[in-house]
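K.L.:
structure for this input, please:
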Amino acid sequence: MLYLVIKEKNFKDYSVALFLAFFKYVGYLAFPIQMTYRYPTLARFMAGHWATESVHAVPVFGESGALLEHGVFCLFYNWPLTIRRHMELRAQKRAQMKPRYGHAAVLALGAAGILIGADILYLKFTGIIPDLKHIWWLMAALPLIGGVLVSSGCGGAPMMKRIVAAAVFGICTSLIYMIIATSMGFHDYASAFKLGIACLWRLFLFGFFASVGALIMEFKLEKSSAY
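P.N.:
Residues are numbered from 1 along each chain as shown. Next up is the predicted model:
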């Protein structure tokens, strides 16, 4: 991926895939995600076409997947267009408001405090030093919920800045949590290298789940909601 960017001297067409390609497993989706971001209309059409073609073999009421094909096409093509229309309505309303970002810092401190509290409670009731596998569900849920809250409280900020603010919230939450947890003796690692790898993975996962939460907030279809 990096070789293509340097060879073609083109960062714009690989801006998303370049960073995702460095992560194991997630990197396999780098090119599809980049295509969806760079060419959304083409991606919608291809998703609708491939999805409808894949259900031809399913018989519905004696036909070759006619009703099912229609439903799948609506899901992969018409529904994204509906979401886009509602997002444009939100953008018009947000243009009359001032952007807000300060609440992201407050939410990051609160989320880190909840994670530290969960570690303390786990150690108190079990006597076992907590690890990622013990509270993995909380580490996924908190950034996700926090991303929704960050996006909903950004006022007149555009969608991309809302997602960036949510990602920054997730990264800050991870940093605060790792600093406090390490200083308290939680998540003890054998070497500084392993600690660094664990920190990088948490930074990525927290930022990723927070961004997903912001996207969920942006893609919801309700017209009358808190902007």
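K.L.:
next up, the contacts around residue 168.
P.N.:
Shown in contact with residue 168 (CB atoms under 8 Å, 6 or more residues apart in numbering): 104, 207. Backbone N, C-alpha and C define where each C-beta goes, glycine included.
K.L.:
what about it, distance to residue 140?
P.N.:
Distance, residue 168 to residue 140, using CB to CB, to the nearest Å: 18 Å.
K.L.:
do the same with residue 166
P.N.:
In terms of CB to CB, residue 166 sits 14 Å off from residue 140.
K.L.:
more neighbours: which of those two?
P.N.:
Between residue 166 and residue 140, counted using other CB atoms under 10 Å, the more crowded position is residue 166 (31 against 15).
K.L.:
can you mark which positions in the helix or strand hosting the more buried one are buried?
P.N.:
Using DSSP states H and E, residue 166 falls within helix 159-183. Neighbour counts using 16 or more other CB atoms under 10 Å place 159, 162-178, 181 of helix 159-183 among the buried residues.
K.L.:
next SSE after that helix?
P.N.:
helix 192-219.
K.L.:
tilt between that next one and helix 159-183?
P.N.:
Interaxial angle of helix 192-219 relative to helix 159-183 (axes from the mean of the first three to the mean of the last three CA atoms, to 10 degrees): 150 degrees.
K.L.:
same for helix 192-219, what does it pack against?
P.N.:
Helices and strands touching helix 192-219, by 3 or more CB pairs under 8 Å, 6 or more residues apart in numbering; DSSP states H and E, are helix 79-94, helix 136-152, helix 159-183.
K.L.:
give me the buried stretch members for that helix, please.
P.N.:
Buried-residue list, helix 192-219, by 16+ other CB under 10 Å: 198-199, 202-215, 217-218.
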